[in-house]
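Q: A predicted structure for the sequence below; I have some questions about it.
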Amino acid sequence: MGLKEYFQENKKHALLVLFLMTLTQVMTTIYTYLTSPELDAISKGKFVLFLELIGMQFVFGQICNVSFNLASVENTKQTQNLFHSVRQRILHHYYQQPDKVSEMENHLGNDLQIIQDSYYHIYFYFLCDAIYIVLTIGTLFTFHWVLVAFTLFVTFLAVLVPKLMEKYTNKATELVSSKNAQFLNTIEKWFDGLDELRRYKNKVVLKKVIGQDSQKLEDSEFKRSKTMSYVQLVSSIFDITGRIGVPLIAGILFINHQVSLGAILTAGYFANGIFWSVKNCISNYVQLKSTQTLRNIILELQKTSNEEKYDPIDEVASIEIRKLSIKYKHGQQIFYPDFSINLGEKVLLTGDSGTGKSTLIKTLLGQIKPISGEVIYRNFNGKVIHPDLRQIGYLAQDLIMFPGTIKENITMFDEKLNSSVQTLVDATQFSTDQDRFKKGLDTQIDPRKNLLSGGQKQKVVLMREMLFNKPVVYLDEATSAIDQGATTRILQEIVKTKQTVLMIAHNLNSNQKQLFDREIHLEEK
Ligand SMILES: Nc1ncnc2c1ncn2[C@@H]1O[C@H](COP(=O)(O)OP(=O)(O)OP(=O)(O)O)[C@@H](O)[C@H]1O
């Protein structure tokens with residue numbers, strides 16, 4: 001992510017910014033240059049010419065002022081449009097490959113802010129300075145070539161510095177980003193359990209872990225700014241040498257009658273301008289380069305969002321597991337018996353706690369990779385297929401609710417489905433629950449607050465599942481908090497469908513169990 005993307009966002013607009021920048025610097029150069037004929041005019045007693053030159057200087061100064069501010073505003077507009085597109089693409093990436101939320105937050109917040117402040121914002125001033133340096137060095141030629149040679153020599157030395165420091169500054173910026181990600185990650189993990197910490201009055205542990213990561217983040221920020229300061233220190237040495245050197249050489253040339261009196265003063269102004277700009281360019285270049293790794297990461301995130309090719313989920317005719325075993329990092333190996341589930345079958349999965357029921361479903365969903373054996377999905381011809389496992393209906397034990405009304409949580413915000421909701425309310429016996437809320441199904445839900453009871457949440461998510469009627473559905477304790485009567489009614493609805501269903505449940509009575517085609521019972525091995 002860099003200048004290329006900046007231009008691609010809106011070429012015409014980017015060119016306008018470049019034009020306004022160049023105009024600003026041309027006007028600044030002329031503005032400064034006019035000091036020389038002004039001084040020559042006044043020293044020769046030509047007062048009218050002197051006034052005319054002052055008038056011209058005023059006009060050029062104003063044009064410079066207007067064009068600079070316009071360029072700055074237009075640059076912000078272009079950058080913000082680009083960032084909007086980048087945010088959309090990053091969101092798309094995480095939508096397809098849901099990694100950790102804190103990682104996405106870090107990219108969308110902190111990393112984009114670093115790129116904004118240390119790249120696009122800086123680039124604007126970097127280019128302004130670079131254009132100014134080229135123009136003023138060119139103008140120095142009109143005085144004497146020795147001035148140009150000296151300026152180029154000092155500039156060359158000054159440019160070498162950031163090249164040599166690049167590796168260190170880049171590393172320092174990366175460190176800030178990774179420490180920030182770690183900090184957000186810690187906050188996310190610990191704040192989920194905030195109520196529990198309050199319950200046990202354990203603020204100390206929270207302060208300690210957050211404090212440790214915050215300190216690391218602070219240290220990395222300090223290290224980065226220390227590295228940047230060293231670069232600035234070295235470039236200041238060249239800055240002073242250049243500013244004093246140019247008027248000194250111009251003075252010697254004046255004594256030798258090779259330049260006019262006005263040239264000494266103007267060359268001095270130019271030297272100030274050039275070396276001020278060179279100093280800025282160097283520290284800006286270091287900042288620009290320091291964001292390189294980060295910009296590459298953001299660029300990659302935007303690229304990897306291409307959809308993989310999957311077989312449609314409605315082609316699944318059977319699900320088979322063979323010699324499957326799973327092992328968590330610090331856990332025991334779990335072995336599963338071979339079995340297959342055919343199209344439309346309703347299978348109940350039971351077993352003691354910890355025998356690996358939830359793990360099996362996660363493996364069927366491709367969320368966990370087995371250490372041996374395989375999960376095979378086949379189509380109607382018995383051919384192995386690779387369906388998009390994210391399209392399978394899945395009710396995890398942790399139910400996902402969204403900020404919206406109860407109805408929207410059932411229809412997944414698709415208003416066209418509103419008319420089907422009432423049938424589902426009857427099928428899940430949600431009407432008594434619904435009556436407990438003043439606004440019924442239009443009650444707003446805040447996922448962070450427990451407005452709905454466990455059973456009510458399960459009914460809402462079950463209604464969502466029934467409404468979308470996915471060909472394959474995995475249910476993990478989806479009715480565990482629902483009363484027996486409603487559970488029977490819901491199961492009767494589920495077994496009526498054509499869906500292929502695998503359901504984990506431990507609290508079903510024998511009548512409810514009989515609704516299933518068969519039961520697979522897992523045992524500890
Ligand atoms: N993320 C994890 N990391 C390490 N071990 C895990 C993880 N998740 C589950 N386990 C372990 O794997 C084993 C199987 O867990 P799983 O949740 O699949 O069992 P289960 O049969 O669904 O249990 P329950 O009926 O209590 O929900 C357990 O011993 C558990 O401790």
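A: Happy to help now that I have it. Being a predicted model, the structure only gives us computed values, none of them experimental. Residues are numbered from 1 along each chain as shown.
Q: Run through the stretch 301-450 of the chain and note the low-pLDDT ranges.
A: Within the stretch 301-450 of the chain, the segments meeting pLDDT under 70 span 304-308.
Q: redo that, cut-off 90
A: Applying pLDDT under 90 to the stretch 301-450 of the chain flags residues 301-314, 329-332, 354, 367, 388-391, 396-404, 412-414, 434, 445-450.
Q: show me where the stretch 401-525 of the chain has strands.
A: Using DSSP state E, counting those that start in this stretch, the strands of the stretch 401-525 of the chain run over residues 404-405, 444-445, 472-476, 500-504, 518-522.
Q: least trustworthy helix or strand in the protein by mean pLDDT?
A: In the chain, no helix or strand scores lower on mean pLDDT, DSSP states H and E than helix 194-199, which sits at a mean of 66.
Q: Now do the buried residues in stretch 177-189.
A: 177, 179, 180, 181, 182, 183, 184, 185, 186, 187 (16 or more other Cβ atoms under 10 Å). No exception for glycine: its C-beta is placed from N, CA and C like everyone else's.
Q: ok so, going back, possible to save the strands of the stretch 401-525 of the chain as CSV with distance to the ligand and mean neighbour count?
A: Converted to CSV, the strands of the stretch 401-525 of the chain look like this (distance: least, Cβ to the nearest ligand atom, whole Å; neighbours: other Cβ atoms under 10 Å):
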stretch, distance to the ligand, mean neighbour count
strand 404-405, 29, 16
strand 444-445, 25, 16
strand 472-476, 7, 23
strand 500-504, 7, 23
strand 518-522, 7, 15
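Q: before we move on, what SS does residue 329 have?
A: Secondary structure, DSSP: H, G, I helix; E, B strand; the rest coil: residue 329 is coil.
Q: Distance of it relative to the ligand?
A: Per Cβ to the nearest ligand atom, to the nearest Å, residue 329 is found 6 Å from the ligand.
Q: repeat for residue 122
A: For residue 122 relative to the ligand (Cβ to the nearest ligand atom), the value is 43 Å.
Q: can you pull out the helices in the stretch 51-200 of the chain?
A: For the stretch 51-200 of the chain, helices defined by DSSP state H, counting those that start in this stretch occupy the ranges 101-106, 112-115, 121-140, 145-191, 194-199.
Q: Please identify the deepest-packed of the ones you listed.
A: helix 121-140 (a mean of 20; mean count of other Cβ atoms under 10 Å).
Q: among the helices of the stretch 51-200 of the chain, which is nearest residue 391?
A: Nearest to residue 391, of all the helices of the stretch 51-200 of the chain, is helix 101-106, at 21.6 Å by Cβ to Cβ.
Q: taking the mean pLDDT, what do you get for that closest one?
A: Averaged across helix 101-106, pLDDT comes to 73.
Q: check contacts around residue 390.
A: Residue 390 is in contact with residue 365, counting by Cβ atoms under 8 Å, 6 or more residues apart in numbering.
Q: mind checking how far it is from residue 475?
A: 17 Å (Cβ to Cβ, to the nearest Å).
Q: what do you get for residue 403?
A: Residue 403 is 24 Å from residue 475, by Cβ to Cβ.
Q: and if you look at residue 374?
A: 23 Å.
Q: Does residue 349 lie in a helix or a strand, and which?
A: Element membership for residue 349, per DSSP states H and E: strand 346-351.
Q: List the contacts of that strand.
A: Applying Cβ under 8 Å, 6+ apart, the external contacts of strand 346-351 come out as 341, 357, 360-361, 494-495, 501-506, 508, 513, 515-523.
Q: rerun that using 6 Å as the cut-off
A: 341, 357, 495, 501-504, 516-522 (Cβ atoms under 6 Å, 6 or more residues apart in numbering).
Q: Tell me the one of those nearest residue 329?
A: Distance to residue 329 across the contacts of strand 346-351 (Cβ to Cβ) is lowest for residue 357, with 19.6 Å.
Q: From the structure, what's the count of residues near the closest one?
A: For residue 357, the neighbour count with other Cβ atoms under 10 Å is 22.
Q: Go ahead and confirm it touches residue 502.
A: No: checked against Cβ atoms under 6 Å, the pair residue 357 and residue 502 is beyond contact range at 9.7 Å.
Q: circling back to that earlier point, what is the subsequent helix or strand relative to the strand holding residue 349?
A: helix 357-364.
Q: ok, which stretches of the stretch 351-500 of the chain are helices?
A: 357-364, 406-411, 421-427, 431-435, 454-468, 484-496.
Q: Can you say which of these is nearest to the ligand?
A: Closest to the ligand of the helices of the stretch 351-500 of the chain is helix 357-364 (Cβ to the nearest ligand atom; 3.2 Å).
Q: Outside of that closest one itself, list whatever touches it.
A: Applying Cβ under 6 Å, 6+ apart, the external contacts of helix 357-364 come out as 326, 349, 351, 368, 370, 375, 474, 476, 504.
Q: In the stretch 151-300 of the chain, what residue comes closest to the ligand?
A: Taking Cβ to the nearest ligand atom, the stretch 151-300 of the chain has residue 189 as its residue nearest the ligand, at 13.7 Å.
Q: Okay, residue 459 and residue 409: tell me how far apart.
A: 11 Å.
Q: picking that back up, helices or strands up against whichever helix or strand comes after the least confident helix or strand of the chain?
A: Counting by DSSP H and E, the next helix or strand C-terminal to helix 194-199 is helix 203-255. On a contact count with 3 or more Cβ pairs under 6 Å, 6 or more residues apart in numbering; DSSP states H and E, helix 203-255 meets helix 145-191, helix 261-290.
Q: coming back round to it: can you list the strands that the strand holding residue 349 pairs with?
A: strand 500-504 (parallel), strand 518-522 (parallel) (DSSP bridges).
Q: Domain-wise, how is the chain divided?
A: The chain resolves into domains spanning 3-303, 313-522 when parsed by automatic domain parsing.
Q: Run the chain-centre distance for the last one.
A: Meaning domain 313-522. Remark: domain 313-522 is offset 32 Å from the chain centroid, using Cα atoms, centre = their mean, to the nearest Å.
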